[in-house]
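J.: from the sequence below, what's the structure:
(one chain, ligands or ions: 1)
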Amino acid sequence: MNLYQKQKKQRQRTNMPLEISFEELISIKQQTGGSKCCNTKGVKINAHRVGCLGTEALEPVEMIEHLKGGLGKQGQIVHVKKLKAKEGVYVEIPENISKEVKEALEQIGITRLYNHQAEAIQLVLSGKSVVVATSTSSGKSLCYNVPVVETLSESSLACALYVFPTKALSQDQLRTLLKLKEALNIPDLNIGIYDGDTPKEDRAWIRDNARIIITNPDMLHASILPHHSQFQHILSNLRYIVIDEAHIYKGAFGCHTSLVLRRLRRICSTVYGSSPTFIFCTATSANPREHTMELINLDSLELIQKDGSPCSPKYFLLWNPPLRSVDGSMNPGKDEKTVLNRRTSPIMEVSYLFAEMVQHGLKCIAFCKTRKLCELVLSYTRDVLKEASKHLVDAIAVYRAGYIAEDRRKIESDLFDGKLRGVAATSALELGIDVGHIDATLHLGFPGTVASLWQQAGRSGRRAKPSLAIYVAFEGPLDQYFMKFPNKLFGQPIEHCQVDSHNPKVLEQHLTCAAKELPLCLQYDEKYFSFGLQQAMTALRNLGHLGNNPTGDLSKNMWSYIGPEKNPSHGISLRAIENEKYIVLDKSTNKVLEEIEESRAFFQVYEGAVYMNQGITYLVDELQLSTKTALCHKADLKYYTKTRDYTDIHVVGGDLAYPLVNDFESEHVKSMAHANNCKVTTSWFGFYKIWKASNQIFDSVGLSLPSYSYDSQAAWIRVPESTKKAVEAQDLVFRYGSHAASHALVNVAPLYITCNASDLGAECANPHDKRAIPQRILLYDRHPGGIGLAWQVQALFGELLIAALELVSTCTCVAPTGCPNCVQTLTCDEYNEVLNKEAAIIILKSIIEAEKCYFEQRNNLHENSGQV
Ligand SMILES: Nc1ncnc2c1ncn2[C@@H]1O[C@H](COP(=O)(O)OP(=O)(O)OP(=O)(O)O)[C@@H](O)[C@H]1O
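T.: Okay, here's the model as predicted:
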């Protein structure tokens, strides 16, 4: 009997509602194998562990030995990779750089350049557009800052536009540029940030006077381009467009940004006669040149990737939590068929490691995939520190989205100044914000891409000192794959950055904006928007959004926007950024603790909710829906809460009569899967109160909250009626099987497409809801608006079905509900209830067989009718 079954039985005896608590969820879904928190007195956080009490300073390499003899002595360290130090390849600052700029560089400590910097600078100064794809902290900023200040100090009119994906990076860059400007002593070299946070009263001045404007794609789209005449000064003198962190522009956000950049190029050239040089900087990937050329539709671009920056040694450890049998003993059974072995909680492993780093003087970032995991890691690490080094309890914090900008700036500067020794962070800290020297990074689970793992690990060792990165695995198939094949992490970059700028829907959206900015003309504008232009313009004309002479020749006329919106760009969001947010207010101090996106709010705050922020517990007294405010107060509570909810996915459109949509010739396994728009609706109907110490539910409270819906996209396939019958013939319940089969697809998807398992949701059967659910396997994009994953899933559906079947049928776990290696997922909306592995195997086999038969029959039909 596994842990879940034991708990289920126990509940049945005590008449408790059948539900899995969050702690249990973690113990089951993430395979803690019974490691429970018993932080009653902070003596031991885990029944099998006592944290290290030492506080002597250790270097990263000493830390490895320390871990081998202590925390990691159960064999957790499955691989150690030493990435050797590399000498920098320096060159003198090129002759053609002015004396003033050279002196300014010297003043900020730059006396020589790395060879890739010199190469980039020379190419840019000769008018060539470039993409610099070198490692993290390799001095990419100088590749654009030097040619920009050189040109801008030579010509008092020349201007530059910097585009960063986040406001925090813009602030960081402003600080760097201001230092350079001070050293240069050019008073009229005005630099300004123009983003959503720029005060209204400063905007006109920046528009008229700044020679370097720092902005983001959203601001370009919604403010700068629609009002381009107000930016005449900068646009007509624009010499450079800098696009940093270009690898971020992929998926739906990349597609939108690419069309915004094309709109920008068109306005610069057609209206203001400027033809700026582009400077891209990007993380290493398999296709930096192709990706950035596609972003802006350039014909040529110089690629710089011979990295001349020095790097200090980095030790990369792969850490697999130890196995233990489900009864909690640390002696895992040898016979995997009869004894259920589970790994201890990776969350606890990371918490102990985090405490170790901080205690031994290593400044550390612990990267976690979700905000909740950050809070948990902080809380557990504090518990460990309370025992070992009480004075360090407040030397760690959480850094994540949701915190207001001011609080985040404070955490960044406290980390920089050393007031903080560590943060548990989401990928919000992944991009290049300078937080000073970091000695170690911890990675709780695979972040979704190898590039992202390296980007995170690159946050340490930026100041020429040795550094340490420890990747701690969950038990899911992806993490365990890397634990088995560590070298997959250390080879050439494997991931491609994909951007599909030809998506007709997105193209049409941006063409309405472009036509509003300046009438469109097929003859002149194809070079910006490429081959889909005519079709998209025709569609817009037919919709009545473009007008000129409706009977006239589309190719020669100018077509203006005549659609219903005053400013079409306002209705188009580049990324699924939710504008509607709930604020969480501490009643006693009136301090805003957090801003939570509407889609997540009711999971965290409702009347009676126990809410966590920076490891502190609050009780929510009131949720004001009209003002979107949750009022709470600090409370030392012995319980936590968890919502009861369900999520419905309504597929919009989809040709049900003729399901075949993926019948084109491609290298993929043919499939009848669909991809459609969908509406995802979550309804909350109550919450449980659960004792922290025992994880027992002691109260169930009803909730009346409005449901929340968002539009997204889903990929799905219908399950034949005969399959359902085959499942039922084995005395199994179909919905248990379809739920489990969908999970298996979610688990294998990250091996095939660039995404995290948490980016995809499955249609999860709810234990309390007995409504009939559609007979289908459905995966949906969990990002409101969708980031294009459903289309990728649809194209690969055939492969995913086969991989999912292999995963489930080769997993040796014995429980009918499967395990996180096969049919359980961390992101299940229903906490991995209502699952059946055996039924999943029948369903997957049957769909694969049905698809094979269908395509064979089609082929035969075509052959017989002479079509092939
Ligand atoms: N030629 C150089 N000589 C000495 N130090 C340099 C040189 N070029 C850059 N640096 C230093 O290297 C550090 C990293 O530079 P920078 O932030 O530009 O790197 P990056 O590649 O943009 O980083 P990220 O990958 O995080 O975006 C900075 O402290 C910078 O001052």
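J.: for the stretch 1-150 of the chain, which residue gets nearest to the ligand?
T.: G139 (2.8 Å; CB to the nearest ligand atom). Backbone N, C-alpha and C define where each C-beta goes, glycine included.
J.: now that residue, what are its backbone angles?
T.: phi 80, psi 40 (degrees, to the nearest 10).
J.: which residues touch it?
T.: L113, Y114, Q117, S309 (CB atoms under 8 Å, 6 or more residues apart in numbering).
J.: swap the cut-off to 6 Å and go again
T.: By CB atoms under 6 Å, 6 or more residues apart in numbering, the contact list for G139 reads Y114, Q117, S309.
J.: lowest pLDDT pick from the residues you listed?
T.: Ranked by pLDDT, these bottom out at S309, which has 92.
J.: my understanding was that V823 contacts H739; is that so?
T.: No - with contact defined as CB atoms under 6 Å, V823 does not count as touching H739 (8.2 Å).
J.: spit out the residues that contact the two alike.
T.: With CB under 6 Å, 6+ apart as the test, V823 and H739 both reach L835.
J.: more neighbours, these two?
T.: More crowded of V823 and H739, by other CB atoms under 10 Å: V823, with 34 against 28.
J.: where does V793 sit, in terms of helix or strand?
T.: helix 789-795 (DSSP states H and E).
J.: whoops, L177 was the one
T.: Using DSSP H and E, L177 falls within helix 167-184.
J.: please state the backbone phi and psi of the closest residue to the ligand within the stretch 601-750 of the chain?
T.: Distance from the ligand to each residue of the stretch 601-750 of the chain (CB to the nearest ligand atom) is smallest for P750, at 24.0 Å. Main-chain torsions, P750, degrees, to the nearest 10: phi -60, psi -20.
J.: give me the neighbour count for it.
T.: 21.
J.: would you agree it is in contact with L478?
T.: Yes - shown here, P750 and L478 form a contact pair, counting by CB under 6 Å, at 5.2 Å.
J.: up against the ligand, what does the protein have?
T.: Listed as neighbours of the ligand in the chain under the rule CB under 6 Å from any ligand atom: 110, 112-114, 117, 136-142, 432.
J.: among those, which are in helices?
T.: Q117, K140, S141, L142 (DSSP state H).
J.: how about the backbone phi and psi for A609?
T.: phi -70, psi 140.
J.: contacts only, for it.
T.: V620, T641.
J.: and what of D759?
T.: So D759 contacts R782, L789 (CB under 6 Å, 6+ apart).
J.: if you set the cut-off to 7 Å instead, what comes out?
T.: D781, R782, H783, L789 (CB atoms under 7 Å, 6 or more residues apart in numbering).
J.: just how off-centre is stretch 209-225 within its chain?
T.: Averaging C-alpha positions (CA atoms, centre = their mean, to the nearest Å) puts stretch 209-225 24 Å from its chain's average.
J.: contact partners of that stretch?
T.: 148, 152, 159-165, 167, 170, 173-174, 177, 189-196, 206, 231, 234, 257, 260, 263-264, 267, 513, 517, 569-570, 574.
J.: still on that earlier bit, quick one: which of the contacts of D759 sit in strands?
T.: Counted as lying in strands by DSSP state E, out of these, are D781.
J.: nearest to S427, of the contacts of D759?
T.: H783 (13.8 Å; CB to CB).
J.: now that closest one: phi and psi?
T.: Torsion angles, degrees, to the nearest 10, at H783: phi -90, psi 120.
J.: how near is it to M558?
T.: Using CB to CB, to the nearest Å, H783 is found at 37 Å from M558.
J.: which parts of the longest helix along the chain are buried?
T.: Looking across the chain with DSSP H, the single longest helix is helix 837-864. Buried residues in helix 837-864, counted by 16 or more other CB atoms under 10 Å: 837-848, 850-851, 854-855.
J.: check stretch 812-821 too.
T.: C813, A815, P816, T817, G818, C819, P820, N821.
J.: not counting its neighbours along the chain, what's nearest the last one?
T.: In space, not counting the residues next to it along the chain, N821 is nearest to C811; the distance is 5.2 Å by CB to CB, 6 or more residues apart in numbering.
J.: correct me, but that neighbour touches Q824?
T.: No - look at C811 against Q824 with CB atoms under 7 Å: they stay out of range, at 10.4 Å.
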